[in-house]
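Visitor: Sequence first, then the predicted structure, then my questions.
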2 protein chains.
Amino acid sequence: MHVMTGGDSKPDFDVLRSKLEAYMSEKGLRSTAQRRAITEAFFSASDHVTIEDVLAESRKIDGRIGYATVYRTLKLFTESGIAEERHFGDGLSRYELSDESTQHHHDHLICLSCDAIVEFHDDAIEQLQDAVARRFEFSILSHKHEIYGLCPKCRKDQS
Amino acid sequence: MHVMTGGDSKPDFDVLRSKLEAYMSEKGLRSTAQRRAITEAFFSASDHVTIEDVLAESRKIDGRIGYATVYRTLKLFTESGIAEERHFGDGLSRYELSDESTQHHHDHLICLSCDAIVEFHDDAIEQLQDAVARRFEFSILSHKHEIYGLCPKCRKDQS
DNA sequence: ATCCATGCAAAAACTTTGCAGTCCA
DNA sequence: TGGACTGCAAAGTTTTTGCATGGAT
């Protein structure tokens, strides 16, 4: 098996900005101060951020940004392909750079005690997953594979 | 559409009823007409049902059952261990018999076009997943592996 | 000047809870 | 009879949208 963490290579934010611009221009959308601020906030924030997270970060750049604008802009990011929306079961939508943006797909290990999130990737699992889809004649558009448990630190704290 | 699940044995509902009764008795909870109706409705319904689904089914047995009672009873099922709550990203909570109840864990293939849900199980994937957890020194408590795509029927309809 | 974008607030969509009456044990 | 249970409706949450104003092209 082959395992790797997610943070090996940093995403090239210039490429992502270009991709976003291309999408917006194609759709006749406009570059505004808010969108630029939210973009930078999203890029500088950690992964798996909520709308509230991005709102708080964006307001450090421009204090007047509203919730709805962040909401709509994250939607825009998702449509343009630079971000993906995720749900980890706590009722909140979370956003992260898309697999395409980071140049590699990853899944998640989530600590139920401290909420730590670790990314992993395993080609063998992906291949078996493709085989499952073929067997059921599904075409795969996306997937999520989340492992919930206790991280090393919390395991020690418990014992 | 056929199955590679690790054995399609039907759950033994009598065992589940006993387990539920034991839990309720332990907690000093009461057996009521509504709870019995909801239990039967849940057992007779298909998997991955929403609260609305169970409500509709329950009302076939007893027309006076309210939404909140179904909500609270499904919560009770989850606490007792006979059911599990799931979220497939469409904003609805869904319930199914727990892995423990069905005696086998399974994951899901979900059609993004018609919302069809197919269950699958793959031991090799599970083993690789265990290996990933070991690598990161996580202990696994649960996991979810969902593959989103197009089912055979919707693939045909699109082409 | 267009007409897209923003911010606010209201509306939706679900879930959760308070309460007065009901019913099991 | 006491305390749990129910149904209704109200309150929470979080997401989504309508609308008048502001702003990019």
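Guide: Structure's in. What do you need? Because the structure is predicted, anything quoted here is derived from the model rather than measured.

Visitor: can you map out the strands along chain A?
Guide: A:3-4, A:49-50, A:83-87, A:93-97, A:107-111, A:117-122, A:139-150 (DSSP state E).

Visitor: how big is the angle separating the fifth one from strand A:139-150?
Guide: Strand A:107-111 and strand A:139-150 are oriented at 20 degrees to each other (axes from the mean of the first three to the mean of the last three CA atoms, to 10 degrees).

Visitor: Parallel or antiparallel, list what pairs with strand A:107-111.
Guide: strand A:117-122 (antiparallel), strand A:139-150 (parallel) (DSSP bridges).

Visitor: Please point out which parts of it sit buried.
Guide: Neighbour counts over strand A:107-111 (16 or more other CB atoms under 10 Å in any protein chain shown) mark A:D107, A:H108, A:L109, A:I110, A:C111 as buried. (Each C-beta comes from the backbone N, C-alpha and C, glycine too.)

Visitor: same thing with the last one?
Guide: Applying a neighbour-count criterion of 16+ other CB under 10 Å, the buried positions in strand A:139-150 are A:I140, A:H143, A:K144, A:H145, A:E146, A:I147, A:Y148, A:G149, A:L150.

Visitor: Ok, the third one next?
Guide: Judged by neighbour count (16+ other CB under 10 Å), strand A:83-87 contains these buried residues: A:A83, A:E84, A:R86, A:H87.

Visitor: How about the contacts made by A:L109?
Guide: Contact partners of A:L109, counting by CB atoms under 8 Å, 6 or more residues apart in numbering or on different chains, are A:I117, A:V118, A:E119, A:F120, A:E146, A:I147, A:G149, A:C151, B:V132, B:A133, B:F136, B:F138.

Visitor: nearest spatial neighbour of it, skipping sequence neighbours?
Guide: Setting aside the residues directly before and after it, A:L109 is nearest to A:V118 in space (CB to CB, 6 or more residues apart in numbering or on different chains), at 4.3 Å.

Visitor: What count of nearby residues applies to that neighbour?
Guide: By other CB atoms under 10 Å in any protein chain shown, 20 other residues sit near A:V118.
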